[in-house]
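Let me see the structure of the following:
(4 chains)
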There are 2 protein chains.
Amino acid sequence: MGIPASGATTLADVAARAGVSLKTASRAVNGEQHVREETRAKVLSAASDLGFQLNSSASLLARGIASSFVGVVTGDLANPFYAMLAQGAASELRAHQLSVTLGSSDESSAQEEVLVDELARRSVRAVIAASAMTSHAPYAALQRRGVPVVFVDRAPTDLDADSIVLDNAGGARAAAEHLLAGGHRRIAFLGDFERLPTYRERLDGFTAAMDAATGAVDAGWRELVREGAHDPEVAARVTGELLDAANPPTAIFASNNRATLGVLRELARRGDTTTALVGFDDFDLAEVLGVTVVAHDARAMGAQAARLVVERLADPRRDTELVRLPTRLVTRGSGERAPRA
Amino acid sequence: MGIPASGATTLADVAARAGVSLKTASRAVNGEQHVREETRAKVLSAASDLGFQLNSSASLLARGIASSFVGVVTGDLANPFYAMLAQGAASELRAHQLSVTLGSSDESSAQEEVLVDELARRSVRAVIAASAMTSHAPYAALQRRGVPVVFVDRAPTDLDADSIVLDNAGGARAAAEHLLAGGHRRIAFLGDFERLPTYRERLDGFTAAMDAATGAVDAGWRELVREGAHDPEVAARVTGELLDAANPPTAIFASNNRATLGVLRELARRGDTTTALVGFDDFDLAEVLGVTVVAHDARAMGAQAARLVVERLADPRRDTELVRLPTRLVTRGSGERAPRA
DNA sequence: GCGTTCGGTGACAGCGTTGTCACCGCGGTG
DNA sequence: CACCGCGGTGACAACGCTGTCACCGAACGC
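Predicted coordinates:
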């Protein structure tokens, strides 16, 4: 009943209609104590009559809170890894009355800088970032302003901040060792952009395994290390080149899900069913395709990041934490193919 | 220089430091005109010295704007369809100074209701929803309050609102006709939750094709229509049941990406390479696996939804629009397998 | 030379909410 | 019976910013 308000209805309207003071109405709609049940009911009914909704800007302002949003910066939501990460963070944050706002950088530093700037302008309460930048100055600026920044997947080296990363070296090493144990002597490594620490760590783990196997591996194994295979197209092309070479690898380690995708496309294209493959990152159809992978839990990573955010929000001066999440090798066949004689 | 501010620095601090009035500082940081370049530089430098950042709540409040966020409600971000949708919306909205806040309902009506409520509390400017609800009362409430709601993928029947959907019937019909043309007489239909309009439309299209082919198809084809295959596990189980039946289908139409995934798992598990398959929704590895699909552009859908939001924000009383996006059949092999003799 | 315009600047009153403090009346305490 | 404590309520001043309006001086037109 009553004409739909032309402008927005305010708490004052509700208070007037309920015949109470502004403050009492505020207490009622916020579920605070010190309000008689009867009064509260009166206010709530008036509010619902008017279709009232608290103005969050005004509320935030009055309470001296920047906002209730946490920015999540990822490379590309189309990558399920990031999507799961975001979802893990979002659901954990919701439990703490925080919402998530999203931005994709497409792995471009420039774009990411714009994103961070946008988040700053939105006065986000904290930021969770899977950063593709090498210099994290924009994040440092946020930190200085008291906005917690938690890095996921990739820890910054030029900034002291909470971070949560995978055991990249360990996972890659396990993959390499698995292939070596299977008798492979020529194993190709398909890396991502050189600047990404994840890639470098994975290469380190891979290298460690290869070095430990000196004598058992071809001396020239380093020639089979390729980088820059950030998207499936490049990965597919590089795979083709590797396999067309004079002395092709008998196994491939794809250092992330997109590289794996590219390898699979190329192998399928040429009907190659003998080259062994282990990929970093699990994916939906890996089971169907029988792809052996280094798996981990992206959702847990997001949730953990959210927890770090909440903890730092509670105590800004606590020591920064570096969480390293385990990976596990899931064998499904492609990594167990014997080397071609 | 100067001690890092204990609390937040305000525009007043900046103004004081620059020796100008509050209003002039405001004009300078907001890039408004009527400020001498020299003055602007002075203010900007003071702002950067102090690490100043405009308080968005205060700014929004003063300008009488609810917020700069648009809520995007989806089923589950882990589903690439939703992830792309969200990304499409986000990047289009960014061009209009709007940010996206995300919520996943896990396709649960209860959860979705909570989400919408949360969005309302955050005073979002508009909502884009891939709703799994049958009754859209919570959205109607938002609309009444002047918050534009745009439905994607699934249009509500109990609410007049801008919507953007796929040509579900057309896509499903094309898939069925394709299989029929290939000689199949027993085609199974794997549906989603019965309550989802997308599923019903796809079934309608499928039915239309089958009906048009009366005589050519088995009279009992309706027995091969199954629903509730919302996740891969159920889809896989149902597929198994269908194929184990006395008179199994020679082809399967999976009505969404998760159903397709389930079917693929089950076919792989039993080493079945003869049953034909067409899936609704494209996916990364479809090419590798040679899966024929009804494809569409989720990102475009999100972008289009964002455009509708912007338009309605500009003119709240314009007629609501229903956009129907085309689908296209992409043949890759699985849909072209001949029926078993 | 006087009125007019206009770029540049500032004072001030909100925007809608919440924190603080004060107040009122009632029941329990000594 | 005076006092205190406390549940319930309200007045009022913030919160940090922007819109409005007013003001000042310099450039301009006639």
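
from here on, contacts and neighbour counts on C-alpha atoms
Noted.

Run the chain-centre distance for stretch A:273-280.
25 Å (CA atoms, centre = their mean, to the nearest Å).

likewise stretch A:143-162?
On CA atoms, centre = their mean, the centre of stretch A:143-162 falls 14 Å from the chain's centre.

Then stretch A:128-147?
With CA atoms, centre = their mean, you get 15 Å for stretch A:128-147.

Is that stretch in proximity to DNA strand D?
No: Stretch A:128-147 lies out of reach of DNA strand D by CA under 7 Å from any atom of the strand, never closer than 13.0 Å.

ends of that stretch, how far apart?
11 Å (CA to CA, to the nearest Å).

Check stretch A:244-253 too.
Terminal-residue distance, stretch A:244-253 (CA to CA): 17 Å.

what pLDDT, on average, does stretch A:42-62 get?
In this model, stretch A:42-62 has an average pLDDT of 96.

Can you give me the buried ones in it?
Of the residues in stretch A:42-62, A:42-44, A:46-47, A:50-58, A:60-61 count as buried by neighbour count, 16 or more other CA atoms under 10 Å in any protein chain shown.

Same check on stretch A:215-222?
A:217, A:221.

can you list contacts of that stretch?
Residues from elsewhere that reach stretch A:215-222 (CA atoms under 8 Å, 6 or more residues apart in numbering or on different chains): A:184-188, A:210.

circling back to that earlier point, if we only consider the buried residues of stretch A:42-62, which is nearest to chain B?
Nearest to chain B among the buried residues of stretch A:42-62, counting by CA to the nearest CA, is A:Ser57 at 4.5 Å.

Mind checking what helix or strand follows whatever helix or strand A:Met84 lives in in sequence?
Taking DSSP states H and E as the definition, one finds A:Met84 inside helix A:80-94. Downstream of helix A:80-94, the first helix or strand assigned by DSSP H and E is strand A:99-104.

quick one: which of the buried residues of stretch A:42-62 sit in helices?
Mapping the buried residues of stretch A:42-62 onto helices (DSSP state H) picks out A:42-44, A:46-47, A:50, A:56-58, A:60-61.

A:Leu203 and A:Ala174 touch, don't they?
No: the pair A:Leu203 and A:Ala174 fails to qualify as a contact (CA atoms under 8 Å) at a distance of 11.9 Å.

the more surrounded of these two?
A direct count of neighbours by other CA atoms under 10 Å in any protein chain shown for A:Leu203 and A:Ala174 places A:Leu203 higher, at 23 against 19.

That one belongs to a helix?
Yes: judged by DSSP: H, G, I helix; E, B strand; the rest coil, A:Leu203 forms part of a helix.

what's the residue in the stretch 51-200 of chain A that DNA strand D sits nearest to in contact with, if anything?
Per CA to the nearest atom of the strand, the residue of the stretch 51-200 of chain A with the smallest distance to DNA strand D is A:Ala62, at 3.2 Å. Under the criterion of CA under 8 Å, 6+ apart, A:Ala62 has no contact partners.

And the strands in chain A?
For chain A, strands defined by DSSP state E occupy the ranges A:69-74, A:99-104, A:126-129, A:149-152, A:162-166, A:187-190, A:225-226, A:251-254, A:276-280, A:292-295, A:322-325, A:328-330.

what comes up buried for the third one?
Looking back up the chat, that one is strand A:126-129. Here strand A:126-129 shows A:126-129 as buried, counting by 16+ other CA under 10 Å.

mind putting those in CSV, pLDDT included?
Formatted as CSV, the buried residues of strand A:126-129 follow (pLDDT from 0 to 100):
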residue, pLDDT
A:Ala126, 97
A:Val127, 98
A:Ile128, 98
A:Ala129, 97
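
need those in CSV with distance to A:Gln33, can you?
Output for these, formatted as CSV (distance: CA to CA, whole Å):
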residue, distance to A:Gln33
A:Ala126, 30
A:Val127, 33
A:Ile128, 35
A:Ala129, 39
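
Nearest to A:Ala89 among those?
When the buried residues of strand A:126-129 are compared for distance to A:Ala89 (CA to CA), A:Ile128 wins out at 8.5 Å.

Enumerate every residue touching that closest one.
A:70-73, A:149-152, A:305-306, A:309.

Domain boundaries for chain A, per the record?
Chain A breaks down into these domains under automatic domain parsing: A:11-63, A:69-166+A:298-327, A:168-296.

Quick one: residues contacting the residue of the stretch 151-300 of chain A found nearest DNA strand C.
Closest contact between the stretch 151-300 of chain A and DNA strand C, by CA to the nearest atom of the strand, is at A:Asp162 (28.9 Å). Taking CA under 8 Å, 6+ apart as the contact definition, A:Asp162 lies against A:149-151, A:308, A:320-322.

Dump stretch A:315-324 to CSV, restricted to CA.
These are the backbone C-alpha positions of stretch A:315-324, laid out as CSV (Å, rounded to 0.1, in the frame of the first residue of the first chain):
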residue,chain,number,x,y,z
ASP,A,315,45.7,-7.9,13.1
PRO,A,316,47.5,-5.8,10.5
ARG,A,317,50.9,-6.1,12.2
ARG,A,318,51.2,-9.8,12.4
ASP,A,319,54.1,-11.4,10.5
THR,A,320,53.4,-12.2,6.9
GLU,A,321,52.8,-15.7,6.1
LEU,A,322,53.9,-17.9,3.2
VAL,A,323,51.7,-20.9,2.7
ARG,A,324,52.8,-23.7,0.4
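
Mind checking the pLDDT average for that stretch?
94.

check whether that stretch contacts chain B.
No: judged by CA under 8 Å from any CA of the partner chain, stretch A:315-324 stays clear of chain B, getting no closer than 12.9 Å.

returning to that earlier point: most neighbours of all the contacts of A:Asp162, which one?
A:Val150 (30 neighbours).
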